[in-house]
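> The sequence and its predicted three-dimensional model are supplied below.
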Amino acid sequence: MGNGQDICMGEVVVGISGASGAIYGLRLVETLLRAGKTVRLVVTNSGRITLQHECDTTPEDMAEHEGVILEDAKNVGAKSASGSAPIEAVVICPCSGTTIGKLAAGISDNLVTRSAIVAMKERRKLIIVPREAPYATVHLENMTKLSSWDTIIIPASPGFYQHPKTIDDMVDFVVSRILDHLDVDNSLINRWTGDEIQ
Ligand SMILES: Cc1cc2nc3c(=O)[nH]c(=O)nc-3n(C[C@H](O)[C@H](O)[C@H](O)COP(=O)(O)O)c2cc1C
């Protein structure tokens, strides 16, 4: 960098938007921290509602108990939004149809959308975890656009070939796929060997 300062490579921004499935974001944060990653957490206003309603927690609680760096979604000048900051990847988990629409239109009106658009322009890894049922055509068209621009789309739809027994098992399935795409070693699920089907 030339200024003699230590830089910390490998920070991951996790955005939680207001789609159902806040538990996926919560578990993702936990597992990234356990893997030694620095995590910057940004939660939209609607994400706060789903976090509280579905997981009975708040972004502030997560910062206190999980140890993430919490950034204010209104602060589009925060580090997560910087093109020069050492951000490795941005994951929006879960990702609402609203946030998908904004990304497809290039709108960065809060720190979640801004950090994602910055990821696109800086060619950083951008992963979104959409959850909606059914999808409207506009969602599908927007996701097609995002996918063609190299956004990785990992839907919040667990597989059942692992024979999940609990909600945590199903959440771990999806989180494992996200970690795989972040190149984070994990054993959240049993890897398919090919010998399972006789
Ligand atoms: C309890 C609850 C569940 C919701 N679930 C979804 C959902 O699964 N998918 C979705 O796209 N929007 C869902 N929404 C609507 C979004 O929160 C809403 O569209 C909001 O504008 C998203 O804004 P954000 O992307 O800035 O978080 C839900 C809202 C609430 C209150």
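Received it, and whenever you're ready, just let me know what you need. Residues are numbered from 1 along each chain as shown.

> After the helix or strand where residue 64 lies, which helix or strand is next? Please name it.
Here residue 64 sits within helix 59-66, counting by DSSP states H and E. Using DSSP H and E, the next helix or strand after helix 59-66 towards the C-terminus is strand 69-71.

> Contact partners for residue 124?
Neighbouring residues of residue 124 by CB atoms under 8 Å, 6 or more residues apart in numbering: 87, 88, 89, 90, 118. To be clear about C-beta, it is placed using only N, CA and C from the backbone, and glycine gets the same treatment.

> for it, phi and psi?
phi -90, psi 160 (degrees, to the nearest 10).

> Which positions in this protein make contact with the ligand?
Within reach of the ligand by CB under 6 Å from any ligand atom, the chain has these residues: 17-20, 44, 46-47, 49-50, 53, 96-99, 131-132.

> The closest residue to the ligand within the chain: what's it in contact with?
Nearest to the ligand in the chain, going by CB to the nearest ligand atom, is residue 18, at a distance of 2.6 Å. Shown in contact with residue 18 (CB under 8 Å, 6+ apart): 44, 45, 46, 47, 49, 50, 96, 98.

> again, but for residue 34
Residue 34 neighbours (CB under 8 Å, 6+ apart): none.

> ditto for residue 168
residue 27.

> After the longest strand anywhere in the chain, which helix or strand is next?
Assignment by DSSP state E gives strand 87-95 as the longest strand of the chain. Following strand 87-95 in sequence order, the next helix or strand is helix 97-105 (DSSP H and E).

> what angle sits between that next one and strand 87-95?
Interaxial angle, helix 97-105 versus strand 87-95 (axes from the mean of the first three to the mean of the last three CA atoms, to 10 degrees): 140 degrees.

> And helix 97-105, what's buried?
For helix 97-105, burial by neighbour count (16 or more other CB atoms under 10 Å) applies to 97, 99, 100, 101, 102, 103, 104.

> Now do it: which elements does it pack against?
Using 3 or more CB pairs under 8 Å, 6 or more residues apart in numbering; DSSP states H and E as the contact test, the elements touching helix 97-105 are helix 111-121, strand 125-130, helix 137-148.

> want to throw the ones you listed into TSV with mean pLDDT and mean neighbour count?
Converted to TSV, these look like this (pLDDT from 0 to 100; neighbours: other CB atoms under 10 Å):
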stretch	mean pLDDT	mean neighbour count
helix 111-121	98	24
strand 125-130	98	24
helix 137-148	98	14
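
> right, and these - which one's nearest residue 164?
In terms of CB to CB, the element of these nearest to residue 164 is strand 125-130, at 17.4 Å.

> Check what contacts stretch 73-90 and list those residues.
The contact list for stretch 73-90 (CB under 8 Å, 6+ apart) reads 7-13, 15, 40, 42-45, 47, 71-72, 108-112, 114-116, 118-119, 121-122, 124-127, 182.
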